[in-house]
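1. The sequence and its predicted three-dimensional model are supplied below.
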Amino acid sequence: MSGSNPVFGSLLDNVLPRVPPFFKMIHEQTEMLVRAFSCLVVYMESGERIRAGEVAAVETQATEFKDKMLEILNNAFSTPMDREDVYRAIFSIHEPIWSARVAAEEMDALGIKSDRFAVEMVTILREAAISLESGYGKMETHPAGADGDAVAASRCRLTVDKAYRRALASLYNVDETKSSPGADQPATMKEVTDVLKRREMYRHLHLAARQMAEAGVVLRGIVVQMS
């Protein structure tokens, strides 16, 4: 007898409900994370306003996908790992995507131009996102192999911290200010305003690094449970 019996299949699903493919879905979510920071790197390097819109578009798609996963989680009879871990994984991945959007939109709204420090930080964040994508891609078949990826993602916070401190040191270096001695008050005020705007940009990237590192911690906790 060939083929499957739809009635039997329906009865079996009622007795043994299928487990939603959360590993696959979370892996897809990390692919959006990589896309968001890849777009942000391009925006930082090019300064083209349309690139900021691309970051926002990825975040909008990621939010819709996150809401869909949460709905599936709420209705799931069983999960391939702790239900709370699924929840934490979903949110830990989405938070840096949101921060990428905020950073891009504030840069665009405030007219902030990128610099070498911002490009360095966002490049580190993209590499951390790639590590998370690689790690969650291994969870279904080889969870122990994801540990190195989780550690790599978590380390981004320390690396970004170093770049962040160098950025602030340069930003507040009075010897490097653009205003010449005896400059008028409007020029001086513009200089101060530019410093404050750039400080805000650095702050958002620093926050994204903490969130990315936390996502790595969440992944490593799941690896420990499943290995």
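-> Looks like it arrived, so ask away.
2. where does stretch 196-208 sit relative to the chain's centre, distance-wise?
-> Centroid separation for stretch 196-208 versus its chain: 15 Å, with Cα atoms, centre = their mean, to the nearest Å.
3. swap in stretch 190-203?
-> 23 Å.
4. buried ones in that stretch?
-> Residues 194, 197-198, 201-202 are the ones in stretch 190-203 that count as buried (16 or more other Cβ atoms under 10 Å). C-betas here are computed from N, CA, C, even on glycine.
5. Determine which residue lies closest to the centroid of this protein.
-> Taking Cα atoms, centre = their mean as the criterion, P96 is the residue nearest the geometric centre of the chain, at 3.2 Å.
6. contacting residues for that one?
-> 33, 36-37, 125, 129, 208, 211-212, 215 (Cβ atoms under 8 Å, 6 or more residues apart in numbering).
7. Could you single out the nearest of these to L168?
-> Among those, A208 lies closest to L168 (Cβ to Cβ), at 16.3 Å.
8. Which members of the buried residues of stretch 190-203 are the farthest-apart pair?
-> D194 and Y202 (12.7 Å).
9. Just give me the neighbour total for E84.
-> 9 (other Cβ atoms under 10 Å).
10. With S92 instead?
-> 20.
11. ok, it to D85 distance?
-> 10 Å (Cβ to Cβ, to the nearest Å).
12. Give the residues shared as contacts by the two.
-> Counting by Cβ under 8 Å, 6+ apart, the residues touching both S92 and D85 are V218.
13. and the nearest residue to E48 once chain neighbours are set aside, what element?
-> Excluding its sequence neighbours, the residue lying closest to E48 (Cβ to Cβ, 6 or more residues apart in numbering) is V42, at 8.0 Å. Using DSSP states H and E, V42 sits within helix 22-46.
14. the inter-axis angle of the helix or strand that comes right after that helix versus helix 22-46?
-> Sequence-wise, the next helix or strand downstream of helix 22-46 (DSSP H and E) is helix 49-75. Relative orientation of helix 49-75 and helix 22-46, computed by axes from the mean of the first three to the mean of the last three Cα atoms, to 10 degrees: 160 degrees.
15. Would you mind listing the buried residues in helix 49-75?
-> Per 16+ other Cβ under 10 Å, helix 49-75 contains these buried residues: 51-52, 54-56, 58-59, 62, 65-66, 69, 73.
16. so who does L205 touch?
-> L205 is in contact with 99, 103, 118, 121-122, 125, 160, 164, counting by Cβ under 8 Å, 6+ apart.
17. Which single one of those is nearest to S154?
-> Taking the contacts of L205 together and measuring to S154 by Cβ to Cβ, the closest member is V160, at 11.6 Å.
18. per-residue pLDDT, that closest one?
-> Predicted confidence (pLDDT) for V160: 97.
19. Which helix or which strand is home to it?
-> Using DSSP H and E, V160 sits within helix 147-171.
20. sorry, back to before: any chance of the buried residues of stretch 190-203 in CSV with distance to H27 and pLDDT as columns?
-> Shown next, in CSV, are these (distance: Cβ to Cβ, whole Å; pLDDT from 0 to 100):
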residue, distance to H27, pLDDT
D194, 41, 84
K197, 37, 87
R198, 35, 89
M201, 30, 92
Y202, 31, 94
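21. Looking at these, which one is closest to A152?
-> Among those, and counting by Cβ to Cβ, the member closest to A152 is Y202, at 22.7 Å.
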